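> Have a look; sequence and predicted model below, questions after that.
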Amino acid sequence: MDETDLSRGADITEESHAEPGSEEASLRQRLQKIVSQNRSLRETALRLRQQNKYLEERHGELIDLVNHDPYTGLPIRRLFDRRLDERFQELSLQSEPRFMVLGVIRLDRNYSRIKNSRDRNKILIFKTTSRIKDVIGENLFQSDRLDEFHILLDHIPNMAAVELIADKITEGVARPHEAPADDISFGCYLGIAVYPVHGKTRDELLGNADIALNRCETLDTPYVIYTDEMGRQHREREMIEADLRLAADTGFEQFSIVYQPFVDREGRIIGSEALLRWKHPTLGDIPPQVFIPIAEQTGDIRVIGQWVLYNSCRQLSQWHKKGYVDLYVSVNLSPYQFKQRDLVGRVAGVLSGLGLKGRYLKLEFTESMLMENRDEVVRKMFELKAIGVRLSIDDFGTGYSSLNYLRKLPIDTVKIDKSFVDDVTKSEPNQQIIRAIISLVHAIHLECLAEGAENGEQVSLLLAEGCDAIQGYYFSKPVEPSQFLSYLENGGRFDLTLQSDDSDELCAIPQLASDSVAADT
Ligand code: C2E
Ligand code: CA
Ligand code: CA
């Protein structure tokens, strides 16, 4: 019996004049029941269909919700990965290679510096992504961070077009915001890798776009397109990073310390700067300017710095035992070391372990260190002073610290940066700058040490201006402990009459002198 029959059955029941209690009447009754059951079933079916539709809609919304970022509404990383895989599959079927641009956008430092309410930040991010969408449409994806996005662009004819798009995106993001956010401005970094030139696989392309992004951040430039040279440098850096850690973890055998003398106004060696050297097993000598910043970024500088501190102090105490008891050693302290909570305890531990008085250790730090956490820096400086350690400002003149500020710090020595020394003989104004620095340093009763003196002319000028001590190739390059000891054994003194010699010879020969450092003690 189909539905029409049943509906007809309903009519039959209505037209009935059957005897109550007759067989016909009971049949009609059953039929009536079936008809009403059928009606309710139909109603249920309709309701279920409606509910199903509703659930399907909600399901769609939920899928949409989990696949899109709640703040920006952009498709999330998972969708980006899926799209990337699909694109790679399509591209593998193409006979003609086609450009595909993969970009990573990260908002710049000025964005992270904004201290706003969360709501305001959300609005700013939303506006920013809208601006990017104005340039590249829906090809924008949210990355795993709120301030980072991916772009994936197809049908790009050439590199010039890539640059044009990069320009438009970065300019768009950097455009000033309207009120009430017009006090805020930030830009972005965009790292770009292009298929197939910069990578033929998904991972290669993604990795290279990240390398380009890193380069943007390092150079603080809006966008960078990946190059093979960039990749080579990145791999080399990663290797250095890993090897540096290994070298520090496995007994420091690849490291050594060289010592460069400080010479006073009489030509006497009064102390030395300890300078770290690293001989890489395959790459050979790696300059400290290369590996120190890496060690600072990885945090390895703490353990490396501690090794330098201990070993240079140990070296000094050996020289003391040989009778050169007035010598001191000056050790470079990275800002990262200075941030260590137990720095002062560590320094004190090294000194007491070696039985060395604090005044024989000088710590060199740069002006930049004074910029951050001033209170903490000042407190630690006073604590170091309290254990007798002397303090020296390195590369003076390259940072921003004012002499007035220096006056309030327990500093002993100001090291005039090599760049001033380089120029001192070149013009009268340069000489006046050195003169001004020296007299100001003296006015606040500090010692003035000039670094990087390479010729006699510079040395004689520095001495004439009243500089207290000089360090530089003119006297000696940084040398191994055995060479340094032979300087001491040869009188521990440089003949300052050499300064009148205008030769460009970098290394002066230490002259034997009767009143050597050893003899003085
Ligand atoms: P710095 O502290 O400014 O050290 C002085 C640098 O100038 C040394 O380079 C030294 O060899 C060089 N120098 C000295 N006199 C002359 C000169 O007359 N002419 C020229 N051209 N150069 C001169 P080095 O040893 O290559 O060290 C470079 C930098 O690496 C140092 O600059 C310092 O910032 C860092 N560094 C070295 N050893 C350590 C260390 O143990 N710890 C930390 N934190 N940094 C270190
Ligand atoms: Ca130094
Ligand atoms: Ca220096």
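Perfect, thanks for sending it. Ligands and ions are numbered 1, 2, ... in the order given.

> Let's verify residue 326: helix, strand, or coil?
Using DSSP: H, G, I helix; E, B strand; the rest coil, the structure places residue 326 in coil.

> Quick one: name the residues of this protein near ligand 3.
394, 395 (Cβ under 5 Å from the ion). No exception for glycine: its C-beta is placed from N, CA and C like everyone else's.

> what about the strands in the chain?
Listed in chain order, the strands of the chain (DSSP state E) span 100-107, 140-142, 148-154, 188-195, 223-225, 255-264, 269-280, 284-286, 328-332, 361-366, 390-396, 413-416, 447-451, 469-471.

> want to try TSV for the ones you listed, with mean neighbour count and mean pLDDT as columns?
TSV is the format used below for the strands of the chain (neighbours: other Cβ atoms under 10 Å; pLDDT from 0 to 100):
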stretch	mean neighbour count	mean pLDDT
strand 100-107	24	97
strand 140-142	23	98
strand 148-154	20	96
strand 188-195	25	97
strand 223-225	22	98
strand 255-264	22	98
strand 269-280	21	98
strand 284-286	12	96
strand 328-332	22	98
strand 361-366	22	96
strand 390-396	22	95
strand 413-416	25	96
strand 447-451	25	97
strand 469-471	24	98
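
> need the residues of the stretch 351-500 of the chain near ligand 1, please.
Neighbours of ligand 1 within the stretch 351-500 of the chain, by Cβ under 6 Å from any ligand atom: 394, 395, 451, 452, 453, 454, 471, 472, 473, 478.

> quick one, what contacts residue 280?
Applying Cβ atoms under 8 Å, 6 or more residues apart in numbering, we find residue 280 in contact with 240, 243, 247, 254, 286.

> And for the third one, the neighbour number?
Right, residue 247. 21 (other Cβ atoms under 10 Å).

> Make residue 1 into 43 and carry on from there
Happy to do that; since the first residue is 43 now, the last one works out to residue 289.

> pLDDT wise, what is the closest residue to it other than its chain neighbours at?
Leaving out its chain neighbours, the residue that sits closest to residue 289 by Cβ to Cβ, 6 or more residues apart in numbering is residue 296, at 4.5 Å. Residue 296 is assigned 97 on the pLDDT scale.

> Just to check, residue 296 is in contact with residue 286?
No. Counting by Cβ atoms under 8 Å, residue 296 sits too far from residue 286 to count as a contact (9.1 Å).

> Inside helices: which ones of the contacts of residue 322?
Among these, the ones falling in helices (DSSP state H) are 282, 285, 289.

> Looking at those, which is nearest residue 129?
Nearest to residue 129 among the ones in helices among the contacts of residue 322: residue 282, at 34.6 Å, using Cβ to Cβ.

> ok, how many other residues are close to the closest one?
So residue 282, with other Cβ under 10 Å, has 19 neighbours.

> Now it. Nearest residue, chain neighbours left out?
residue 336 (5.9 Å).

> ok, now how distant is that neighbour from ligand 1?
Here residue 336 is placed at a distance of 12 Å from ligand 1 (Cβ to the nearest ligand atom, to the nearest Å).

> Let's see the pLDDT reported for the nearest residue to residue 177 once chain neighbours are set aside.
Leaving out its chain neighbours, the residue that sits closest to residue 177 by Cβ to Cβ, 6+ apart is residue 210, at 4.6 Å. Looking at residue 210, its pLDDT reads 98.

> What of residue 219?
Looking at residue 219, its pLDDT reads 89.

> And it, how far from residue 73?
Look at residue 219 and residue 73: by Cβ to Cβ, to the nearest Å, they are 75 Å apart.

> Averaged pLDDT, stretch 525-535. What do you get?
In this model, stretch 525-535 has a mean pLDDT of 96.

> Distance from the chain centre to it, please.
Distance of stretch 525-535 from its chain centroid, counting by Cα atoms, centre = their mean, to the nearest Å, is 42 Å.

> What of stretch 239-256?
The chain centroid and the centroid of stretch 239-256 are separated by 20 Å under Cα atoms, centre = their mean.

> Tell me which stretches of the stretch 43-192 of the chain form helices.
With helices called from DSSP state H, counting those that start in this stretch, the stretch 43-192 of the chain shows them at 45-57, 65-109, 119-135, 151-155, 160-178.

> State the mean pLDDT of the shortest one.
Here the mean pLDDT over helix 151-155 is 84, rounded to a whole number.

> In terms of pLDDT, where does the residue of the stretch 143-292 of the chain found nearest ligand 1 sit?
Using Cβ to the nearest ligand atom, residue 290 is the residue of the stretch 143-292 of the chain that sits closest to ligand 1, at 12.4 Å. At residue 290, the pLDDT value in this model is 95.

> Could you double-check that it sits in contact with residue 348?
No. Counting by Cβ under 8 Å, residue 290 sits too far from residue 348 to count as a contact (10.0 Å).

> Could you check which of those two is surrounded by more residues?
Shown here are residue 290 and residue 348; by other Cβ under 10 Å, residue 290 has more neighbours (20 against 17).

> Identify the residues contacting residue 168.
Counted by Cβ under 8 Å, 6+ apart, residue 168 has contacts 113, 114, 115.

> where's it relative to residue 162, distance?
From residue 168 across to residue 162, the span is 11 Å (Cβ to Cβ).

> most centrally placed residue in this protein?
Nearest to the geometric centre of the chain sits residue 339, at 6.4 Å (Cα atoms, centre = their mean).

> Quick check: residue 420 touching residue 447?
No. With contact defined as Cβ under 8 Å, residue 420 does not count as touching residue 447 (9.9 Å).

> Count the residues that sit near the residue of the stretch 93-242 of the chain found nearest ligand 2.
When distances are taken as Cβ to the ion, the stretch 93-242 of the chain reaches nearest to ligand 2 at residue 151, 27.7 Å away. Here the number of neighbours of residue 151 (other Cβ under 10 Å) works out to 12.

> contacting residues around residue 264?
Residue 264 sits in contact with 208, 212, 213, 216, 229, 230, 231, 232, 258, where contact means Cβ under 8 Å, 6+ apart.

> can I get the residues you listed in CSV with distance to residue 187?
CSV is the format used below for those (distance: Cβ to Cβ, whole Å):
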residue, distance to residue 187
208, 20
212, 18
213, 22
216, 19
229, 17
230, 13
231, 13
232, 15
258, 15
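
> Which pair of those residues spans the longest distance?
Spatially, the most separated pair among the contacts of residue 264 is 213 and 258, at 14.7 Å (Cβ to Cβ).

> For the two, indicate the residue with more neighbours.
Between residue 213 and residue 258, counted using other Cβ under 10 Å, the more crowded position is residue 258 (23 against 13).

> which residues pair with the residue nearest to that one when sequence neighbours are not counted across the strands?
Computed as Cβ to Cβ, 6+ apart, the closest residue to residue 258 that is not its neighbour in sequence is residue 231, at 3.7 Å. For residue 231, the beta-bridge partners under DSSP bridges are residue 148.
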